[in-house]
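S.K.: can you look at this prediction? I've put the sequence above it.
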2 protein chains.
Amino acid sequence: MTLVAEHIEGDTRDRILEVAERLFRQIGYQKTTVGDIAKELRMSPANVYRFFESKKAIHQAVAQSLMGEVELEAQRIVAKPGPVKERFRELLTTVHRMNTERYVGDSKLHEMVEIAMEEDWEVCVAHIHRVTEAIGAVIAQGVASGDFEAPDLPLAALCTCTAMIRFFHPQMIAQADNKPGPTIDQMIDFVIAGLSPRH
Amino acid sequence: MTLVAEHIEGDTRDRILEVAERLFRQIGYQKTTVGDIAKELRMSPANVYRFFESKKAIHQAVAQSLMGEVELEAQRIVAKPGPVKERFRELLTTVHRMNTERYVGDSKLHEMVEIAMEEDWEVCVAHIHRVTEAIGAVIAQGVASGDFEAPDLPLAALCTCTAMIRFFHPQMIAQADNKPGPTIDQMIDFVIAGLSPRH
């Protein structure tokens, strides 16, 4: 395949995902067919199947791209300069905000997430892993600067992520509205206390 | 009503709940009818309705009694003697263990809990509130003994409860099996670190 042809192939794949995401948002994942996606793109369903073997594969790629945006933003916060505790708070707040926008405000996308959690669990696990790594990276910076104490860095990142489930997990965010609980800032203070050096 | 009659009334109510819980466990909440419950008790459905206005009211009372057992055990740990941190760990572990037994090991009961969380949300909120209070009581003991530091006691209890969602919440317990995360002991260590005095 020439470079030009490869470029066009990649382009078609992206266009399929773009249209799929739009249709999933508009009419819901269950109701969208591969035929609908093909029709919007003025191509045959067979051509869509050249790129994705099933609707599930399209779903998986859309989910990955939505989660990828959160991961990218997390990595940006890891890499940028500034006081560690501020960026730690920004990171946790950003994951919460992006997940809320994506999966709770938008009920059609929420349906997609429910399915992702049931069917593409591996995709979710990989995402959780990458968010946890970003959190671990900021904790490591905090250990270096003396802001944090974490003898077991990966464990500290896992515990932080677990402590934040109410604010990270789409189902928990959806339920949190009518449930007693701390604000996200109070919860981050609690986590920071757990990571602070005691001497 | 005489005392004897009152006693019999209370007794009938308990027997209805006992049979209802057994049927909910055996054949599931959705499939159990008020007629089934009445038949088991050799009484008329009308008699069951004298005690509970609807199947939903029976469900609510069964859920309350299941949750009440956890609350009772929590209060027992609050009241018993022994080092605070040990009892704090025992309390969190006990809530996790009892919720796991009740709502995850038993898929029929899990169905009941899902419904409780959708329909009888007030019952769940009251339960969470009482468990959080028990946690707050042990934290208060820890503050008194110098084991813990918690300028805002109700907030410390809320944050502890929130940090433990993965191990307390029936849906999260069910999902945790195939999800990366800390063990409950590691998580409790993390929470204890957050509550420990720093100086």
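M.R.: Yep, that arrived. Predicted model, so just to flag it, every value in this text is computed and none were measured.
S.K.: so which elements touch the lowest-mean-pLDDT helix or strand in chain A?
M.R.: Sorting the helices and strands of chain A by mean pLDDT, DSSP states H and E puts helix A:107-119 at the bottom, at a mean of 76. Packing contacts for helix A:107-119, counted by 3 or more Cβ pairs under 8 Å, 6 or more residues apart in numbering or on different chains; DSSP states H and E, involve helix A:3-27, helix A:55-79, helix A:84-103, helix A:121-145, helix A:170-176. Just so you know, the C-beta spots here come from the backbone N, C-alpha and C atoms, and that holds for glycine as well.
S.K.: now these in a markdown table, with mean pLDDT and distance to chain B?
M.R.: Shown next, in a markdown table, are these (pLDDT from 0 to 100; distance: least, Cβ to the nearest Cβ, whole Å):
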| stretch | mean pLDDT | distance to chain B |
| --- | --- | --- |
| helix A:3-27 | 84 | 23 |
| helix A:55-79 | 93 | 15 |
| helix A:84-103 | 94 | 13 |
| helix A:121-145 | 94 | 6 |
| helix A:170-176 | 84 | 6 |
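S.K.: okay, these in a markdown table with mean neighbour count next?
M.R.: Below are these laid out as a markdown table (neighbours: other Cβ atoms under 10 Å in any protein chain shown):
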| stretch | mean neighbour count |
| --- | --- |
| helix A:3-27 | 15 |
| helix A:55-79 | 18 |
| helix A:84-103 | 19 |
| helix A:121-145 | 18 |
| helix A:170-176 | 19 |
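S.K.: got the buried residues for the least confident helix or strand of chain A?
M.R.: A:Lys108, A:Leu109, A:His110, A:Glu111, A:Met112, A:Val113, A:Ile115, A:Ala116, A:Met117 (16 or more other Cβ atoms under 10 Å in any protein chain shown).
S.K.: wait, which of the helices and strands packed on helix A:107-119 is closest to A:Gly35?
M.R.: Nearest of the helices and strands packed on helix A:107-119 to A:Gly35, taken as Cβ to Cβ: helix A:55-79 at 10.0 Å.
S.K.: now find how far off-centre the closest one is within its chain.
M.R.: 5 Å (Cα atoms, centre = their mean, to the nearest Å).
S.K.: do the same with stretch A:25-36
M.R.: 21 Å.
S.K.: nearest spatial neighbour of the residue nearest to the spatial centre of chain A, skipping sequence neighbours?
M.R.: The centroid of chain A falls nearest to A:Met67 when counting by Cα atoms, centre = their mean (2.9 Å). Computed as Cβ to Cβ, 6 or more residues apart in numbering or on different chains, the closest residue to A:Met67 that is not its neighbour in sequence is A:His127, at 4.1 Å.
S.K.: from B:Phe190, how far out is the residue of chain A found nearest chain B?
M.R.: Going by Cβ to the nearest Cβ, chain B is nearest to A:Gly194 of chain A, at 3.4 Å. According to Cβ to Cβ, to the nearest Å, A:Gly194 and B:Phe190 sit 5 Å apart.
S.K.: overlap of the contact sets of these two?
M.R.: Residues touching both A:Gly194 and B:Phe190 (Cβ atoms under 8 Å, 6 or more residues apart in numbering or on different chains) are A:Cys159, A:Ala163.
S.K.: pretty sure the residue nearest to A:Met67 contacts A:Glu71?
M.R.: Yes: counting by Cβ atoms under 8 Å, A:His127 does reach A:Glu71; the two are 6.8 Å apart.
S.K.: how does chain A divide into domains?
M.R.: Here the domain assignment for chain A is A:1-53, A:62-195, based on automatic domain parsing.
S.K.: make CSV out of the ones you listed and add distance to B:Ala163.
M.R.: Formatted as CSV, the domains of chain A follow (distance: least, Cβ to Cβ, whole Å):
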stretch, distance to B:Ala163
domain A:1-53, 32
domain A:62-195, 4
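S.K.: report the secondary structure state of the closest residue to A:Ile128 other than its chain neighbours.
M.R.: Leaving aside its chain neighbours, A:Ile128 sits nearest to B:Pro180 (6.5 Å; criterion: Cβ to Cβ, 6+ apart). For B:Pro180, the assignment made with DSSP: H, G, I helix; E, B strand; the rest coil gives coil.
S.K.: quick one: contacts for B:Pro180?
M.R.: Contacts of B:Pro180 by Cβ under 8 Å, 6+ apart are A:Val125, A:Ile128, A:His129, A:Thr132, A:Leu158.
S.K.: before we move on, back to that, among the helices and strands packed on helix A:107-119, which is nearest A:Thr162?
M.R.: helix A:121-145 (9.2 Å).
S.K.: thinking again about what came up before, for the residue of chain A closest to chain B, give me its contacts.
M.R.: A:Cys159, A:Ala163, B:Phe190, B:Val191, B:Ala193, B:Gly194.
S.K.: just those: which are in helices?
M.R.: If you go by DSSP state H, those have A:Cys159, A:Ala163, B:Phe190, B:Val191, B:Ala193, B:Gly194 in helices.
S.K.: do you know the pLDDT at the closest residue to the first one other than its chain neighbours?
M.R.: Nearest-residue entry for A:Cys159: B:Phe190, 3.9 Å, with adjacent residues in sequence omitted and distances by Cβ to Cβ, 6+ apart. According to the prediction, B:Phe190 has pLDDT 96.
S.K.: check which helix or strand A:Met148 maps to.
M.R.: For residue A:148 the amino acid is Phe, not Met. Using DSSP states H and E, A:Phe148 maps to neither a helix nor a strand.
S.K.: now do the contacts for it.
M.R.: Contacts of A:Phe148 by Cβ under 8 Å, 6+ apart are A:Val84, A:Ile139, A:Gly142, A:Ala156, A:Leu195, A:Ser196, A:Pro197.
S.K.: hmm, 7 Å instead?
M.R.: The contact partners of A:Phe148, taken as Cβ atoms under 7 Å, 6 or more residues apart in numbering or on different chains, are A:Ile139, A:Gly142, A:Leu195, A:Ser196.
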